[in-house]
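Enquirer: using only what follows, build the 3D model:
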Amino acid sequence: MQTRRPADPGGAFFFRGARMTPYLKLAASGLVLGLLIGAGACQQQPKSDEQGQGRAVVAAASPDVRPFTVGELKLAALRDGEIVVPVAQTPWVEAGAKAEEITALLTAGGAPTDAVHLPVQPLLVRDGDRVVLIDAGAGGQMGTANLLVGSLRAAGVEPAQVTDVLISHAHGDHVGGLVDAEGAPVFSNAVIRMSAPEWGAAQAGAEAHGAGPLVAAIRSKVETFQPGAQVTPSIRAVPLKGHTPGHSGYEIASGSERLLYLGDALHSSIISVPRPDLALVWDSDRAAGAATRREILERGATERLRLYGVHFPFPGLGRIERRGEGYVWVAEAAPAV
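Expert: Next up is the predicted model:
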């Protein structure tokens, strides 16, 4: 996988003349689309193949795609890229943690200690006749490699075949891939679904944060739901409070099997799991965010719930286990080939 460090903060992250680094993607507002700035301006999105709608596509083997199942449902982790944040600029340090604490956690987790690496990996779900994408990636922002459309095609799906895009929350690394460099929708035939509180916050903060063009580009395609709603036959929205005003996880169920898509309720398997108490500057409500992290860890360990971490090491699949008085992330082993 090719990844890049985030662009110089003085480059693609300007808002109305103000300097905004990718590391402060939400410190300023908790809101939203502001990071997108012209959405897709950093890199050209691959064009959708409009003629490909409804055409069978053979999925090619790709290191950027990890197929798996939940009951009878077929899913795939799709690599978009990676955000690399120097330790001193991580959201935990920005919120008051000591850099030494973060370095110690990275060391314990066997990770590089100069920076925190946060993969970005939207999730593809085939739900009956629906082709569902959960989150849309960063669209090349924040130093990511803009791999999503290529990963989607490697999984056998053209962008025009996507019927639903479910948004966990309206931060740049989750909605940046909704439009291309010209501001046109990438998923031209899809309905964009997000919670009513999240969409309300996005619209309210759009002009102040330079995201008016993005909001205008997607407005006609957005359909909102109430927190906790059933959004497709097999997918239910799960309110995971604290990160943004309407942040949603998604529980995917088939038969007796379930998978919880975490969104940004847990950012890092190395930091957020062993230290759910550490606040993040990206959370709009830090106390609620910490409470949500603790609830997920307790539920995950008690119920042996299968989880999908959009920023956990690819492909983001695994479970939580108790170790002593704390918790650890146990990644799911890849299936035998």
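Enquirer: rest of the way, CA atoms for contacts and neighbours
Expert: Noted.
Enquirer: the helices in the stretch 51-200 of the chain, which residues?
Expert: Assigned by DSSP state H, counting those that start in this stretch, the stretch 51-200 of the chain shows helices spanning 91-94, 99-108, 148-154, 172-175, 196-205.
Enquirer: mind listing what the residue nearest to residue 130 when sequence neighbours are not counted touches?
Expert: The spatial neighbour of residue 130 that comes closest, neighbours along the chain excluded (C-alpha to C-alpha, 6 or more residues apart in numbering), is residue 163 at 5.8 Å. By C-alpha atoms under 8 Å, 6 or more residues apart in numbering, the residues touching residue 163 are 130, 131, 132, 189, 190, 191.
Enquirer: related to what we said a few turns ago, got the helices of the stretch 51-200 of the chain as CSV, with mean neighbour count and mean pLDDT columns?
Expert: What follows is those, written out as CSV (neighbours: other C-alpha atoms under 10 Å; pLDDT from 0 to 100):
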stretch, mean neighbour count, mean pLDDT
helix 91-94, 20, 98
helix 99-108, 16, 98
helix 148-154, 23, 98
helix 172-175, 28, 93
helix 196-205, 20, 94
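Enquirer: now distance to residue 266 too, for those helices, in TSV please.
Expert: Formatted as TSV, the helices of the stretch 51-200 of the chain follow (distance: least, C-alpha to C-alpha, whole Å):
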stretch	distance to residue 266
helix 91-94	12
helix 99-108	15
helix 148-154	21
helix 172-175	14
helix 196-205	18
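Enquirer: residue 335 is nearest to which of those?
Expert: Set against residue 335 and scored by C-alpha to C-alpha, those come closest in helix 148-154, at 18.5 Å.
Enquirer: elements contacting that closest one?
Expert: Other elements packing on helix 148-154 under the criterion 3 or more C-alpha pairs under 8 Å, 6 or more residues apart in numbering; DSSP states H and E are strand 65-70, strand 73-78.
Enquirer: most packed of the ones you listed?
Expert: strand 73-78 (a mean of 22; mean count of other C-alpha atoms under 10 Å).
Enquirer: note down every partner strand of that strand and its orientation.
Expert: strand 65-70 (antiparallel), strand 123-127 (antiparallel) (DSSP bridges).
Enquirer: ok, which of those comes nearest residue 261?
Expert: strand 123-127 (8.5 Å).
Enquirer: got the helices and strands packed on helix 148-154 as TSV, with distance to residue 95 and mean pLDDT columns?
Expert: Formatted as TSV, the helices and strands packed on helix 148-154 follow (distance: least, C-alpha to C-alpha, whole Å; pLDDT from 0 to 100):
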stretch	distance to residue 95	mean pLDDT
strand 65-70	34	97
strand 73-78	30	98
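Enquirer: what's the closest of the strands paired with strand 73-78 to residue 299?
Expert: With C-alpha to C-alpha as the measure, strand 65-70 is the member of these nearest residue 299 (18.7 Å).
Enquirer: please state the offset of that closest one from the chain centre?
Expert: When distances are taken as C-alpha atoms, centre = their mean, to the nearest Å, strand 65-70 is centred 17 Å away from the chain's centroid.
Enquirer: against residue 268, how distant is residue 293?
Expert: Distance of residue 293 to residue 268, given as C-alpha to C-alpha, to the nearest Å: 11 Å.
Enquirer: more neighbours, those two?
Expert: When residue 293 and residue 268 are compared for neighbours, residue 293 comes out ahead with 25 against 22, by other C-alpha atoms under 10 Å.
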